[in-house]
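Chemist: Build me a structure from this.
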Amino acid sequence: MVDGPEGQDGAERRAVVIGGGIGGLTAALALTRRGWRVTVLERADSTAPVGAAISLAPNALRALDTLGLGDEIRDLAAWQGEGGLRTPRGTWLARSDARAVAERFGDPLVLLHRATLAGTLAARLPEGTVRTATAATLADPGGPGPARVATADGDIEAGLVVAADGVHSRARAALFPGHPGAVYAGFTSWRMMVPPPFPTVAPHETWGPGRLWGSQPLKDGTVYAYAAATLPEAAPAPDGESAELLRRFGDWHAPVPALIEAGRAGPVLRHDVHHIATPLPAYHRGRTALVGDAAHAMPPTLGQGGNQAIEDAVVLAHHAPPGASALAAYTAARRPRTTAMARKAVAAGRLALLRPRPAVALRNGALWLLSRTGPAFFLRGFDGIADWRPPQAPYASPARNPTSTP
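Modeler: Next comes the predicted model:
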């Protein structure tokens, strides 16, 4: 064993987290706060995510409140919601209101760099908790006895293994070998961070036939830009990703072309989007639990993938005393919610990425008419999502006024 033989009794309050992304780090911190000795095994050289931002909704902020991080993250993040939805020519179809979100759900939507969130989580963990450049394999999910994780340095026994190893999770395949796994969602995505100085950008998302673009400023003036297009899986970009973006979005309204040009200085990340179309029968087996994309990978079109991973982590810690039977409560608490969320994300993607122009015209007309009724109609779409509360206290500091723009 990596840390020397412990035996079953010594492993009982030990947890091993496979994967050092947002879900894995949140799970590690949540378990640490509940008295577990945690080891995070991350195969990359760093836990810092590369080149993208994450949107956190009120449900995720409340989950972070249970770890004492909610207000710190609110202070680091930029509020979202003062922009809206546009057509490729720049016409506004709908306007959004950050204050209305905060008033309805008790918190705003916020945006920050993934590396900032990951760094904040990692900094709260005991020294030595995270081991990077350490590939790990689930060797035994456990049952009456401890689970076992294999590494190049030896095996680790644990009372709990948390598999947070992403959309193509090897742990998931080991737990449920008959499951089809993640499948292509029908579109690819691009993400890039455009550093300051850049002219002020009104937050917006723009929908065109089979394509979408989003521009969201961060608190430090960096602009997070993202795009998606319906394409065959592994479609080539022979002239590079920036050229591909210009070809597809270069004639869209300002500042889209300028952002693409400015983004050439940094990496343009491109990923085919995969999701779990067939829900898993459970999110656990034995003493091993799946969190985040490993359990319920969903398209990013609802902005809830990372939020649901954070929810998973705090709920798992709440339901995870030593013993395999406790994880059934975790599955019961999380599977119905995340399955519904994944279906909503698929539906949102189909609406945003409609291709037939007559259908696009009908959709745009309906959105424009509905927007005339005010933000309440659109905010109702987040009922049951953003109003979720974790099973444990504390919630946000009572001194904080969530409707006061920072």
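Chemist: Now do the strands in the stretch 201-350 of the chain.
Modeler: Listed in chain order, the strands of the stretch 201-350 of the chain (DSSP state E, counting those that start in this stretch) span 204-208, 211-217, 223-230, 269-275, 284-285, 288-290.
Chemist: need the helices for the protein, in chain order.
Modeler: Along the chain, the segments classed as helices by DSSP state H run 7-11, 22-33, 58-65, 70-76, 98-105, 114-123, 170-175, 241-249, 256-262, 293-296, 305-318, 327-352, 357-371, 376-379.
Chemist: Go through those and name the closest to Gly159.
Modeler: Closest to Gly159 of the helices of the chain, according to CB to CB: helix 7-11, at 5.4 Å. All C-beta atoms are positioned from the backbone trio N, CA, C, and that covers glycine.
Chemist: Give me the average confidence score over that closest one.
Modeler: For helix 7-11, mean pLDDT is 56.
Chemist: contacting residues for Pro281?
Modeler: Applying CB atoms under 8 Å, 6 or more residues apart in numbering, we find Pro281 in contact with 176, 179.
Chemist: any chance of the strands of the stretch 201-350 of the chain in JSON lines, plus mean neighbour count?
Modeler: What follows is those, written out as JSON lines (neighbours: other CB atoms under 10 Å):
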{"stretch": "strand 204-208", "mean neighbour count": "22"}
{"stretch": "strand 211-217", "mean neighbour count": "22"}
{"stretch": "strand 223-230", "mean neighbour count": "23"}
{"stretch": "strand 269-275", "mean neighbour count": "17"}
{"stretch": "strand 284-285", "mean neighbour count": "26"}
{"stretch": "strand 288-290", "mean neighbour count": "30"}
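Chemist: Spatially central residue (nearest the centroid) of this protein, please.
Modeler: Centroid-nearest residue in the chain, with CA atoms, centre = their mean: Gly306, separated by 1.6 Å.
Chemist: these two touch, right, that residue and Gly24?
Modeler: No - look at Gly306 against Gly24 with CB atoms under 8 Å: they stay out of range, at 11.7 Å.
Chemist: Backbone torsions only: list them for Ile276.
Modeler: phi -90, psi 100 (degrees, to the nearest 10).
Chemist: so it makes contact with Gly181?
Modeler: Yes - taking contacts as CB under 8 Å, Ile276 lies within contact range of Gly181: 7.4 Å.
Chemist: any idea how far Ala53 is from Asp220?
Modeler: Using CB to CB, to the nearest Å, Asp220 is found at 11 Å from Ala53.
Chemist: In terms of neighbours, single out the busier of these two.
Modeler: When neighbours are counted by other CB atoms under 10 Å, Asp220 and Ala53 differ, and Ala53 comes out ahead with 25 against 12.
Chemist: who does the more buried one bridge with?
Modeler: When bridges are called by DSSP bridges, Ala53 pairs up with His113.
Chemist: for it, what are its contacts?
Modeler: By CB under 8 Å, 6+ apart, the contact list for Ala53 reads 111-114, 191, 193, 216, 218, 224.
Chemist: now do Thr120
Modeler: With CB under 8 Å, 6+ apart, Thr120 has these contacts: 69, 72-73, 76.
Chemist: so how far is Ile54 from it?
Modeler: The value you get for Thr120 to Ile54, if CB to CB is used, is 12 Å.
Chemist: Ok, Ala309 next?
Modeler: For Ala309, the distance to Ile54 (CB to CB) stands at 10 Å.
Chemist: Could you pull out the residues contacting both of these two?
Modeler: Taking CB under 8 Å, 6+ apart as the contact rule, Ala309 and Ile54 both touch Ile22.
Chemist: if I look at Leu362, how far off is Arg372?
Modeler: For Leu362 relative to Arg372 (CB to CB), the value is 16 Å.
Chemist: the more surrounded of these two?
Modeler: Of the pair Leu362 and Arg372, Leu362 is the one with more neighbours under other CB under 10 Å, namely 12 against 8.
Chemist: re earlier: neighbour count for Ile276 and Gly181, which is higher?
Modeler: Taking other CB under 10 Å, Ile276 and Gly181 do not tie; Ile276 has more neighbours (23 against 17).
Chemist: Apart from its chain neighbours, what residue comes closest to that one?
Modeler: Distances taken as CB to CB, 6 or more residues apart in numbering place Ala297 nearest to Ile276, at 4.8 Å, with adjacent residues excluded.
Chemist: residue ranges with poor pLDDT in the stretch 101-250 of the chain?
Modeler: Scanning the stretch 101-250 of the chain for pLDDT under 70 picks out no residues.
Chemist: same thing but at 90, please
Modeler: Within the stretch 101-250 of the chain, the stretches with pLDDT under 90 are 101, 143-144, 197-203.
Chemist: Gly142 touches Ile156, doesn't it?
Modeler: No - applying CB under 8 Å, one finds Gly142 not in contact with Ile156, separated by 11.7 Å.
Chemist: so what sits against both of these two?
Modeler: Counting by CB under 8 Å, 6+ apart, the contacts common to Gly142 and Ile156 are Arg148.
Chemist: re earlier: residues that sit against both of Gly306 and Gly24, list them.
Modeler: By CB under 8 Å, 6+ apart, the residues touching both Gly306 and Gly24 are Gly292.
Chemist: Tell me, how many residues neighbour Leu61?
Modeler: For Leu61, the count of nearby residues is 27 (other CB under 10 Å).
Chemist: Same question for Ala28.
Modeler: If we define neighbours as other CB under 10 Å, then Ala28 has 30 of them.
Chemist: so what's it up against?
Modeler: Shown in contact with Ala28 (CB under 8 Å, 6+ apart): 15, 17, 38, 40, 121, 125, 129-130, 162.
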